[in-house]
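1. The sequence and its predicted three-dimensional model are supplied below.
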Amino acid sequence: MLVVPRSKSPVSRGGSLLRSSRIPLSGCCFTIASTLLALSLAAPLLQAEPVVEGRGSTRSVPSSNGSVSSDKPPANTVAEASVANVTGWPALETAIRAAAATTVEAFNAGDGARIAALFAAEGELIDEDGNIFSGRTEIGGLFGQFFERFPGSVLDMEVTTARPLGDDLAVEEGIRRITMPDGTAAQMVYTAVRMRQGDSWPIVSYREYADDPTPSPAEMLAAIDWLVGEWVDESPEARTSIQYDWSENKNFLVGQYELAIDGRPVGKTTQRIGWDPVAGTLRSWTFDPDGGFSEGLWLSTDDGWVIRSEATMPDGATGVATVTLRIRDADHFSIESRDRIIDGVAEPDFSLVIARKPPLPAAPTGVRPAPAATPHHTTPKQ
């Protein structure tokens, strides 16, 4: 499976960040990550027991005219920094350098057949989901479809270790990173087993594992950053002004709900929304002016979010509710609260439509604008 680099914005992922965005190709799913896979160095690879380690990388990038150019050294010095000197084992070092160059060049040229030729005739490629692709024909076809679907993607790679297992087997480990033309990327670690066949060391088995950096809280909250700004709900019985902003370190979204009845301020509710890495979803904490508080678990839907809320009242009573946020357009969203039970008593459902607050009209020169009206009503809590 070829792992497709994913966007860092976790839109609608139903509770946890998608490991990858899957794009169907002719009936199968491709994840660009697995493509990193087949690129395990070609070329002879050792003959005995030393371990080769290094941290350099070989990189090719698209040029301004869309063609692929390379910022790596010439082929005879490619990946020079990625392989440590191995005293007494020049053949091993040379083999790994040549393999790195062949791998990057074949991938960035979109040459599936050349990549397949790096494998033994009976070689296999196993992606992060355990899917097995066997033989050069199947492996070459897999890459051919990927290159057709994602032209212009480029490969970076590092060979971190290579060690022989006896006289005829070698194990290679490293890191591969594929970058798409739009800048999205996927990173994988891989293990390749090579078998000596005459003077060459083709891949007999290749397996990769996801190695994407842990996303930051801000990246996980990007799916609801549309909340940032000023909003208002003007119900017949009250008015609520709502404002969301990023916290200073962008680890939380902070909301302020100010309620006014008949123009008279009633109180301010504060809410923080953050990413819960244990539950794998967004979570909110809401604090009311009367001392009550609630916690909500956010689950994404196709058109918004469902929030499972549990509240504690100032007198010790508890309550639960299911709150649904639906995006109507760029300037409106709705809040629906149902299944409300407070201290064992069912409460009626309610719904609100929240509108983005328009900017104040420009004041005439020399005239101060009137103070903003005081705010209103319900947080996504009960």
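-> Noted; the coordinates are in hand.
2. Ramachandran angles for E128?
-> For E128, the backbone dihedrals (degrees, to the nearest 10) come out as phi -60, psi -20.
3. so where's this structure shaky on pLDDT?
-> 1-94, 212, 234, 360-382 (pLDDT under 70).
4. For it, just list every one of the helices.
-> Listed in chain order, the helices of the chain (DSSP state H) span 33-38, 90-108, 112-116, 135-149, 217-221.
5. Any idea how many residues pack against the residue nearest to I261 when sequence neighbours are not counted?
-> With sequence-adjacent residues excluded and distances taken as C-beta to C-beta, 6 or more residues apart in numbering, I261 is closest to A238, at 4.7 Å. The way it works is simple: take the backbone N, C-alpha and C, and place the C-beta from them, glycine included. Residue crowding around A238 was assessed by other C-beta atoms under 10 Å; the count is 17.
6. Surely A238 touches G263?
-> No: under the criterion of C-beta atoms under 8 Å, A238 is not in contact with G263, lying 10.0 Å apart.
7. picking up where we left off before, what's the most buried one of the helices of the chain?
-> Of all the helices of the chain, helix 33-38 carries the top mean neighbour count, a mean of 30, counting by mean count of other C-beta atoms under 10 Å.
8. quick one, what contacts W231?
-> By C-beta atoms under 8 Å, 6 or more residues apart in numbering, the residues touching W231 are S241, I242, Q243, Y244, I354, A355, R356, K357.
9. can those residues go into a markdown table with extra columns for neighbour count and distance to W231?
-> Output for those, formatted as a markdown table (neighbours: other C-beta atoms under 10 Å; distance: C-beta to C-beta, whole Å):
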| residue | neighbour count | distance to W231 |
| --- | --- | --- |
| S241 | 22 | 8 |
| I242 | 26 | 4 |
| Q243 | 17 | 7 |
| Y244 | 19 | 8 |
| I354 | 22 | 5 |
| A355 | 15 | 7 |
| R356 | 16 | 6 |
| K357 | 16 | 6 |
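10. Out of these, which is nearest to G183?
-> Among the contacts of W231, Y244 lies closest to G183 (C-beta to C-beta), at 27.3 Å.
11. OK, contacts around that closest one?
-> Applying C-beta under 8 Å, 6+ apart to Y244 gives the contacts L227, V228, G229, W231, L253, V254, G255, Q256.
12. What number of neighbouring residues does the first one come out with?
-> L227 has 18 neighbouring residues, counting by other C-beta under 10 Å.
13. OK, contacts around it?
-> Each residue near L227 by C-beta under 8 Å, 6+ apart is listed here: Y244, L253, G255.
14. how does it look with 6 Å?
-> Going by C-beta atoms under 6 Å, 6 or more residues apart in numbering, L227 touches Y244.
15. This structure - how does it break down into domains?
-> Domains of the chain are assigned by automatic domain parsing as 23-210, 218-356.
16. Buried deepest among those, which one?
-> domain 23-210 (a mean of 19).
17. partner residues bridging R264?
-> Beta-bridge partners for R264, by DSSP bridges, are I261.
18. Okay, it and T161: tell me how far apart.
-> Distance, R264 to T161, by C-beta to C-beta, to the nearest Å: 70 Å.
19. And for E208?
-> Distance from E208 to T161, counting by C-beta to C-beta: 15 Å.
20. what do you get for S153?
-> The gap separating S153 from T161 is 26 Å, by C-beta to C-beta.
21. what does S334 give?
-> Plainly put, S334 is 55 Å away from T161 if you go by C-beta to C-beta.
22. do P314 as well
-> Separation of P314 from T161 (C-beta to C-beta): 60 Å.
23. Next up, phi/psi of A279, please.
-> Taking degrees, to the nearest 10 as the convention, A279 sits at phi -80, psi -20.
24. actually T214, not the one I wrote
-> The phi/psi pair for T214 (degrees, to the nearest 10) is phi -60, psi 130.
25. out of everything not next to it in sequence, what's closest to it?
-> P277 (7.9 Å).
26. Please name the bridge partners of T270.
-> Beta-bridge partners recorded for T270 (DSSP bridges): Q256, F287.
27. D288 is in contact with that one, correct?
-> No: the criterion here is C-beta atoms under 6 Å, and T270 misses it with D288 at 8.5 Å.
28. Torsion angles phi and psi at P289?
-> For P289, the backbone dihedrals are phi -70, psi -20 (criterion: degrees, to the nearest 10).
29. Contact partners for it?
-> Contacts of P289 were listed using C-beta under 6 Å, 6+ apart, and they are G267, K268.
30. Please apply the same query to the one 3 residues further on.
-> For G292, the contact set (C-beta under 6 Å, 6+ apart) comprises M313, P314.
31. quick one: terminal-to-terminal distance for stretch 211-222?
-> Terminal residues of stretch 211-222 lie 21 Å apart, using C-alpha to C-alpha, to the nearest Å.
32. got the end-to-end distance for stretch 326-339?
-> 17 Å.
33. V254 and W246 touch, don't they?
-> No: proximity of V254 to W246 does not meet the contact threshold set by C-beta under 6 Å, at 7.4 Å.
34. Please name the bridge partners of D329.
-> H332.
35. returning to that earlier point: how about the helices of the chain, which one is nearest D127?
-> Using C-beta to C-beta, the helices of the chain put helix 33-38 closest to D127, at 3.4 Å.
36. Got phi/psi on G198?
-> According to degrees, to the nearest 10, G198 has phi 70, psi -120.
37. residue contacts, the nearest residue to Y209 once chain neighbours are set aside?
-> In space, and not counting its chain neighbours, Y209 is closest to V189: 5.3 Å by C-beta to C-beta, 6+ apart. Listed by C-beta under 6 Å, 6+ apart, the contact set of V189 reads I175, Y209, D211.
38. Can you name the residues bridging to the residue lying closest to the last one once chain neighbours are set aside?
-> What it means is D211. Leaving out its chain neighbours, the residue that sits closest to D211 by C-beta to C-beta, 6+ apart is V189, at 4.4 Å. Bridge pairing for V189 (DSSP bridges) gives the partners I175, Y209.
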